[in-house]
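Peer 1: build me a model:
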Amino acid sequence: MNNLFSFIFYIKRSKADKNGKANVYLRITVNGKRSELSISKKVDVNKWVATAGKLRGGSAEAQQLNRYIDDISNKIHKIHQKLVEENKKITALKIREIFCGKDENQKMLLVIFQDHNNQVERLVGKDFAPGTLERYKTAKKHLEAFIKLEYKLEDINIKDVNHKFIRGFEYYLKTERNCSHNTAIKYITNFKKIIRIAYANDWISKDPFYNWKARLKTVDREFLSKEEIQKLVEKSFSIKRLEQVKDIFLFSCFTGLAYSDVKKLSKNDLVIGIDGDIWIKTKRTKTNTRSNIPLLTTAEAILDKYSEHSGVEQSEFLLPVLSNQKMNAYLKEIADVCEINKNLTFHLARHTFATTVTLTNGVPIESVSKMLGHKSLKTTQHYAKILDRKVSEDMQELKQKLKIANS
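Peer 2: Residues are numbered from 1 along each chain as shown. This next block holds a predicted model:
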């Protein structure tokens, strides 16, 4: 059966806004029945040529819009041709749905992503940490915003994801979302897992990530020096919230525990170690790996200080930890008062433990790795920055040994 198929682009002049601009619409007609949609563009009604369905003139605006209309025209023609070749029923609504990414036979990117996230959510606490779920949710949110901005669609066919799409998403994350290079790469890596799922299920015939390589940049992580730690230890705040935040931050500096692990630390996590002293033995929230940490004197004193705090006595937790957002906000105040010219965040305490507190004082990196709960020594090396002073001390010791050996 031959179908009478046509489409046009038009505007509704009577609905122009106060600036004289009106929305551009696409009308698809098959056998006399119509289906319409907005292409999410506005034009000056006085520059619109109704007979051509284009914008008049050679301005950059006109050229850009007319190219966009041509692209849509090509897509509509291809959709119609594909339906004809497959001998499928052709309607105006069907063509519109396929163009908008709503064809029931298509596998849609964001739908697959959401299914994946739903599965991860059900496995939180078993196979995944809560933070992992949040990263996948954020990656999907950014991907959704990118598709709306770049493609003017609610979703996209998984088959339409190519190398250009991936590069475009990376550019979007760095420009529109102002993500750092490493943060952008991590979101794209989350997205990559969804593509691998599609490839494994034969929903796509080739992996668009085949020629894409994740290259993280080496970041020099900040940490506090011995002198800066001492400033915090010696400083007392009359404002209770600042004193509390300072103490809990210092507790992390002397234990290496991340915010989420300090927050959930309970009496059950304190045990007597093989040396007869108190140890912290807990599973990291992020990786579910075990951290075994002998409790240093400063950290033990902080636990004693807050043992009778109302927020501790009435709960199972050892410290009255505020929200991460509040902790970091108050740490900025503390840094100003203590004249510490660094971006003081709670996670900086973990770096400080790895460098200033342990490695700089000669604790072997293998022991530091175990206390931090790292699965790989390589991860610890990423955190640990050996100070020049430590290198100097080690070399001085070597010089003395060589001097004695040669004497």
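Peer 1: pretty sure residue 241 contacts residue 333?
Peer 2: No - look at residue 241 against residue 333 with CB atoms under 8 Å: they stay out of range, at 9.4 Å. All C-beta atoms are positioned from the backbone trio N, CA, C, and that covers glycine.
Peer 1: between those two, which is the more surrounded one?
Peer 2: Set residue 241 next to residue 333 and count neighbours by other CB atoms under 10 Å: residue 333 wins out with 16 against 13.
Peer 1: the more buried one and residue 301: what is the separation?
Peer 2: Counting by CB to CB, to the nearest Å, the separation of residue 333 from residue 301 is 23 Å.
Peer 1: could you do residue 285 as well?
Peer 2: 25 Å.
Peer 1: residue 181 too?
Peer 2: As judged by CB to CB, residue 181 and residue 301 stand 41 Å apart.
Peer 1: any idea how this protein splits into domains?
Peer 2: Following automatic domain parsing, the chain resolves into domains at 5-99, 109-200, 226-393.
Peer 1: in CSV: these, plus distance to residue 403.
Peer 2: Below are the domains of the chain laid out as CSV (distance: least, CB to CB, whole Å):
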stretch, distance to residue 403
domain 5-99, 74
domain 109-200, 45
domain 226-393, 16
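Peer 1: least confident of the ones you listed, on average?
Peer 2: Lowest mean pLDDT of the domains of the chain: domain 226-393, a mean of 89.
Peer 1: can you list the residues that contact the biggest strand by length in the chain?
Peer 2: Assignment by DSSP state E gives strand 33-44 as the longest strand of the chain. Residues outside strand 33-44 that contact it (CB atoms under 8 Å, 6 or more residues apart in numbering) are 9, 11, 17, 20-28, 55, 65, 68-69, 72, 91-93, 95-96, 99-100, 152.
Peer 1: and after that strand, which helix or strand comes next?
Peer 2: strand 48-49 (DSSP states H and E).
Peer 1: run me through the strand neighbours of the very next helix or strand once past that next one, direction for each.
Peer 2: Going down the chain from strand 48-49, the next helix or strand is strand 54-55, by DSSP H and E. Within its sheet, strand 54-55 is paired with strand 48-49 (antiparallel), according to DSSP bridges.
Peer 1: for residue 399, which of the domains of the chain is the nearest?
Peer 2: domain 226-393 (10.4 Å; CB to CB).
Peer 1: okay, and which of the contacts of strand 33-44 map to strands?
Peer 2: Mapping the contacts of strand 33-44 onto strands (DSSP E) picks out 9, 11, 21-28, 55.
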